[in-house]
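Engineer: Just the structure for this:
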Amino acid sequence: MSSNQFVYSINIGESWPPPNRPKPPFSPSVIEIIRSCALRSCFESSSGYERRIGFAARIGLVMHRVIQSLHENPINSEITRDIPAETRSRFNDELRNQESLSSARPRERLLSRNQNRIGRASDAVVIEAIRIFEQGQDSLVGSLSLDPSYQESSYISEVPENLKTPKVDVEVTVQFNDIFKGRIDRAEIFDNDVILYDYKSALRDDLPERYQRQMQLYAYMWKETRGNWPIKGYVFYPLTAVIHEVQVSSQVCNEVVEETKDILKSFQETESPFQMATPGDICKVCDFRPWCKPFWYWQSDEKNNTEAFNRTVLGFEGYIKDIKLKNYFWHLLINWRNATIRLVVPQESYPHLKAARTGTQIRVLDTKLKGLRNRPQAKITEASEIFIINQ
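Structural biologist: This is a model prediction of the structure:
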């Protein structure tokens, strides 16, 4: 279903199960999705499910594309002070492009734009642009200490002094047979030595295991593609000025590869979509909750009323007991379990509720129940959605 045809209506018979699944070679990011919930990777690979890319992810796309452009189309200048203005111009052009794409997506139109994140990202790419321009720096890690905003990071390491100014490759394609394939954000090549970097646009300073595994797969694929093991691997957060070194020894990377092969083998041998699903906390970041039967079964099967009440922030499913339009607001009463949920939403944001009637089944996502247990009110947010269900 294209964005222009999307109407917040789900036909159960047509939308389940997702018809496709990812095929090899698998990227490290797809592998992590399979690891966390294999069913989600099937939704990702299937058409007919309207996506909702968060604004943070779109800022990440802006950063990656601007940094790539700085390498592929260097700024034509002879002095450093010209670099920030041109870099911010490129950043703003790509930001407008992503905002245009977001505005065209019905599920993204109500999501706010985080101005703090935009400012951090713009500053980060300017620093990177200056670093690229001043080729006298030895490496990303070494040059970070030149900027005062990076000196607070306790994760900065030093590149060995014997390494000279590197040859830099960006968006490097690497592969292992027909199993793994990926693109490394940045590789610094010193004769026979190489240092790999993976850029993450997250506002965090810790290093999740999934980011480590991705780097280790990149290191393994680099060896398979180029013939030599990287001497170092780094995960870099430009928005928080934090960098982490990741172990990329042959022993560690080989162990990750063998474990990943087992996960992919199990995935490829599993036929039931229900067996692929792992409902739980991972559902918070999944676009496909509206269509996911295992998620809704997991919600309805919860026996503990307190836990069920708490889970409604992810989504609840019920039948409309009453619906009225008053002063441009929809007023709904929804039967859910043994409770009646009250929900008030603006007509402008939810025009599709014109098709709803008493008895209509709906799925409500990203709200929070407040008030009495048997008659709570659902508080909407910018992320709240309401889907009409057609059996």
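Engineer: Beyond the helix or strand of the chain with the lowest mean pLDDT, next helix or strand please.
Structural biologist: Lowest by mean pLDDT, DSSP states H and E among the helices and strands of the chain is helix 140-144, with a mean of 43. Sequence order places strand 167-176 as the next helix or strand after helix 140-144, per DSSP states H and E.
Engineer: Without its sequence neighbours, what residue ends up closest to residue 278?
Structural biologist: Closest residue to residue 278 apart from its sequence neighbours, by C-beta to C-beta, 6 or more residues apart in numbering: residue 37 at 4.7 Å. Using the backbone N, CA and C atoms, a C-beta is placed for each residue, glycine as well.
Engineer: Quickly note the distance from the one you found to residue 279.
Structural biologist: 8 Å (C-beta to C-beta, to the nearest Å).
Engineer: Which one's more surrounded, these two?
Structural biologist: Taking neighbours as other C-beta atoms under 10 Å, residue 37 and residue 279 compare with residue 37 leading, 23 against 20.
Engineer: Strands of the stretch 201-350 of the chain, start to end?
Structural biologist: With DSSP state E, counting those that start in this stretch as the criterion, the stretch 201-350 of the chain has strands at 232-237, 242-246, 316-326, 329-336, 339-346.
Engineer: Most tightly packed of the ones you listed?
Structural biologist: Highest mean neighbour count among these (mean count of other C-beta atoms under 10 Å): strand 232-237, with a mean of 22.
Engineer: and it, what other elements does it pack with?
Structural biologist: With contacts taken as 3 or more C-beta pairs under 8 Å, 6 or more residues apart in numbering; DSSP states H and E, strand 232-237 sits against helix 140-144, strand 193-199, helix 209-226, strand 242-246.
Engineer: for stretch 303-321, the distance to its chain's centre please.
Structural biologist: Here the centre of stretch 303-321 is set off from its chain's centre by 26 Å, with C-alpha atoms, centre = their mean, to the nearest Å.
Engineer: can you check stretch 317-336 too?
Structural biologist: Using C-alpha atoms, centre = their mean, the mean C-alpha position of stretch 317-336 is found 33 Å from that of the whole chain.
Engineer: ok, now stretch 213-223?
Structural biologist: Between the centre of stretch 213-223 and the centre of its chain there are 20 Å (C-alpha atoms, centre = their mean).
Engineer: pLDDT weak spots in this structure?
Structural biologist: Counting by pLDDT under 70, the chain contains low-confidence ranges at 1-5, 135-164.
Engineer: Tell me the secondary structure at the residue most central in space within the chain.
Structural biologist: For the chain, residue 57 is the residue whose C-alpha lies nearest the centre (C-alpha atoms, centre = their mean; 5.4 Å). Of the three states, residue 57 takes helix under DSSP: H, G, I helix; E, B strand; the rest coil.
Engineer: Distance check, it against residue 288.
Structural biologist: For residue 57, the distance to residue 288 equals 15 Å [C-beta to C-beta].
Engineer: can you pull the buried residues of stretch 224-231?
Structural biologist: Residues 225, 230-231 are the ones in stretch 224-231 that count as buried (16 or more other C-beta atoms under 10 Å).
Engineer: Figure out the helix or strand that the residue nearest to residue 239 when sequence neighbours are not counted lives in.
Structural biologist: Closest residue to residue 239 apart from its sequence neighbours, by C-beta to C-beta, 6+ apart: residue 120 at 4.5 Å. Residue 120 belongs to helix 115-133 when assigned by DSSP H and E.
Engineer: residues making contact with that helix?
Structural biologist: 55-56, 59, 62-63, 66-67, 70-71, 74-75, 77, 80, 83-84, 86-88, 90-92, 95, 137, 140, 143, 147, 149, 168, 201, 203, 238-241 (C-beta atoms under 8 Å, 6 or more residues apart in numbering).
Engineer: Isn't residue 37 up against residue 277?
Structural biologist: Yes: here residue 37 reaches residue 277: they are 6.2 Å apart, a contact under C-beta atoms under 8 Å.
Engineer: my guess is residue 54 meets residue 113, correct?
Structural biologist: No: the criterion here is C-beta under 8 Å, and residue 54 misses it with residue 113 at 11.1 Å.
Engineer: Stretch 299-310: end-to-end distance?
Structural biologist: Using C-alpha to C-alpha, to the nearest Å, the end-to-end distance of stretch 299-310 comes to 10 Å.
Engineer: Identify each buried residue in that stretch, please.
Structural biologist: Neighbour-count burial for stretch 299-310 flags 299, 308-309 (criterion: 16+ other C-beta under 10 Å).
Engineer: cool, and stretch 33-45?
Structural biologist: Within stretch 33-45, the residues scored as buried using 16+ other C-beta under 10 Å are 33-44.
Engineer: can you put the residues you listed in a markdown table and add secondary structure and distance to residue 358?
Structural biologist: Below are the buried residues of stretch 33-45 laid out as a markdown table (DSSP: H, G, I helix; E, B strand; the rest coil; distance: C-beta to C-beta, whole Å):
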| residue | secondary structure | distance to residue 358 |
| --- | --- | --- |
| 33 | helix | 39 |
| 34 | helix | 42 |
| 35 | helix | 43 |
| 36 | helix | 39 |
| 37 | coil | 35 |
| 38 | helix | 39 |
| 39 | helix | 33 |
| 40 | helix | 34 |
| 41 | helix | 38 |
| 42 | helix | 35 |
| 43 | helix | 32 |
| 44 | helix | 36 |
